[in-house]
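**Q** Predicted model follows, preceded by the sequence.
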Amino acid sequence: MAVPTTRQIEILELEDLERECLLARIRLTLVEHDVSAAAVAGNSTPEETVSLLVRAGLFDSAITLCQTFKLPLTPIFEGLTFKCIKLQLGGEAAQAKAWDWLAANQLSALVTTKESSATDEAWRLLSSYLERYPSQNSLYHRCVINKLLAHGIPLPNWLINSYKEVDAAELLRLYLNYDLLEEAVDLVLEYVDAVLGKGHKYFGIEVPLSPTSPTMWLPYTAIDQLLQALRESSASENSIVLYEKLNDRMEDYQQKVSVATMEHLHCRP
């Protein structure tokens, strides 16, 4: 007598079906845009599909897929940053080709005038994503900046200003990691000015130093590392000037903190 076999039945929720349906639609969009992806797209996992979408420049679709399957957006920011780098270093052929994938993303008011290049629009797309999709501990900002500095690309002003507001201390550490001492000094000088009330909103500082709020935080460890790096490269005349400038400013800052602390103690009831 045959022993009945036990069959496992997989129960799918409506949400699972909707996710699979979305994955199938996005695979189809990918193949329509990039025929060379047809051979691998059919059975690709969500993570693999994201990689294929990024390579094809379909970043909006990649973001939708990541959000649906709760995947990190890091590959998207890395991929788009790399495309920005290639465009900045590439020639006219790269510019012309880029308009195809740029147009496949829903960047509002895509500019195709002579005043705006494909490179400009790629940077604008990256900027809009950083604004639209904030990350814990500014992970995506850091990811973009690391990629740019690793390729020797100067940071755009909009990116510096954006990161200064969310995590100026980490920006300073990144400058130190890539031995960008002059940029690091400029940042610290601006940071100290902000703490003292000059341009504090650009650094996300709500209340600058005052007798009623004498306690302010500065990344002292990173600043000490910067001073040490400037001392070690003192053979350079510019490094000596930068060291003296930064050291003088920090001494002046410490004096102002001491005065504010004393006034605060006298103001207390």
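**A** It's in. Note that the structure is a prediction, hence the values are computed from the model and not measured. Numbers count the residues shown, from 1 in each chain.
**Q** which residues are in contact with stretch 85-94?
**A** 95, 98, 118, 119, 122, 147, 148, 151, 153 (C-beta atoms under 8 Å, 6 or more residues apart in numbering). To be clear about C-beta, it is placed using only N, CA and C from the backbone, and glycine gets the same treatment.
**Q** Could I have the buried ones of those residues as PyMOL selection syntax?
**A** To isolate the buried members of those in PyMOL, using 16 or more other C-beta atoms under 10 Å:
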select buried, resi 98+118+119+122+147+148
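**Q** The closest residue to residue 33 other than its chain neighbours and residue 75, how far apart?
**A** Leaving aside its sequence neighbours, residue 33 sits nearest to residue 56 (C-beta to C-beta, 6 or more residues apart in numbering; 5.5 Å). Going from residue 56 to residue 75 by C-beta to C-beta, to the nearest Å gives 13 Å.
**Q** which of those two has more neighbours?
**A** residue 56 (22 against 17; other C-beta atoms under 10 Å).
**Q** Contacts only, for the most centrally placed residue in the chain.
**A** Centroid-nearest residue in the chain, with C-alpha atoms, centre = their mean: residue 141, separated by 1.5 Å. Listed by C-beta under 8 Å, 6+ apart, the contact set of residue 141 reads 130, 135, 159, 162, 163, 166, 167.
**Q** what's the distance between the closest residue to residue 169 other than its chain neighbours and residue 241?
**A** Spatially, and ignoring its direct neighbours in sequence, residue 169 is nearest to residue 219 (3.9 Å; C-beta to C-beta, 6+ apart). Distance of residue 219 to residue 241, given as C-beta to C-beta: 22 Å.
**Q** One more: residue 149?
**A** According to C-beta to C-beta, residue 149 and residue 241 sit 24 Å apart.
**Q** Comparing the two, which shows the higher neighbour count?
**A** Ranked by neighbour count (other C-beta under 10 Å), residue 149 and residue 241 place residue 149 first, with 18 against 13.
**Q** pLDDT score assigned to the more buried one?
**A** Residue 149 carries a pLDDT value of 96.
**Q** Determine whether the claim that it is in a helix is correct.
**A** Yes - Residue 149: assigned to a helix according to DSSP: H, G, I helix; E, B strand; the rest coil.
**Q** Skip the chain neighbours and tell me the closest residue to it.
**A** Nearest residue to residue 149, sequence neighbours excluded (C-beta to C-beta, 6+ apart): residue 178, at 4.5 Å.
**Q** List the buried residues for stretch 40-47?
**A** Those would be 41, 44, 46, for stretch 40-47 by 16+ other C-beta under 10 Å.
**Q** If we only consider these, which is nearest to residue 20?
**A** Lowest distance from residue 20 to the buried residues of stretch 40-47 (C-beta to C-beta) belongs to residue 46, with 9.8 Å.
**Q** Let me see the contact set for the closest one.
**A** Here residue 46 is in contact with 23, 65, 68, 69, 71 (C-beta under 8 Å, 6+ apart).
**Q** For stretch 52-66, measure first residue to last.
**A** 13 Å (C-alpha to C-alpha, to the nearest Å).
**Q** residues making contact with that stretch?
**A** 22-23, 26, 29-30, 33-34, 37, 40-41, 44, 46, 49-50, 71-73, 75-76, 79-80, 83, 98, 100-102, 104-106, 125, 129, 133.
**Q** What's the mean pLDDT across it?
**A** pLDDT averaged over stretch 52-66 gives 96.
**Q** Buried residues of that stretch, list them for me.
**A** 52-63, 65-66.
**Q** Just the ones of those in strands?
**A** The strands, defined by DSSP state E, take in nothing from the buried residues of stretch 52-66.
**Q** Using CSV, write down the CA coordinates of stretch 161-176.
**A** Output in CSV follows, covering the C-alpha atoms of stretch 161-176 (Å, rounded to 0.1, in the frame of the first residue of the first chain):
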residue,chain,number,x,y,z
ASN,A,161,26.6,72.9,1.6
SER,A,162,24.0,70.1,1.9
TYR,A,163,26.4,68.0,4.0
LYS,A,164,27.6,70.8,6.2
GLU,A,165,24.0,71.3,7.4
VAL,A,166,23.5,67.6,8.3
ASP,A,167,27.0,66.5,9.5
ALA,A,168,29.9,68.9,9.2
ALA,A,169,32.0,66.8,11.6
GLU,A,170,31.9,63.8,9.3
LEU,A,171,32.7,66.0,6.3
LEU,A,172,35.8,67.2,8.1
ARG,A,173,36.8,63.5,8.8
LEU,A,174,36.3,62.7,5.1
TYR,A,175,38.6,65.6,4.1
LEU,A,176,41.2,64.3,6.5
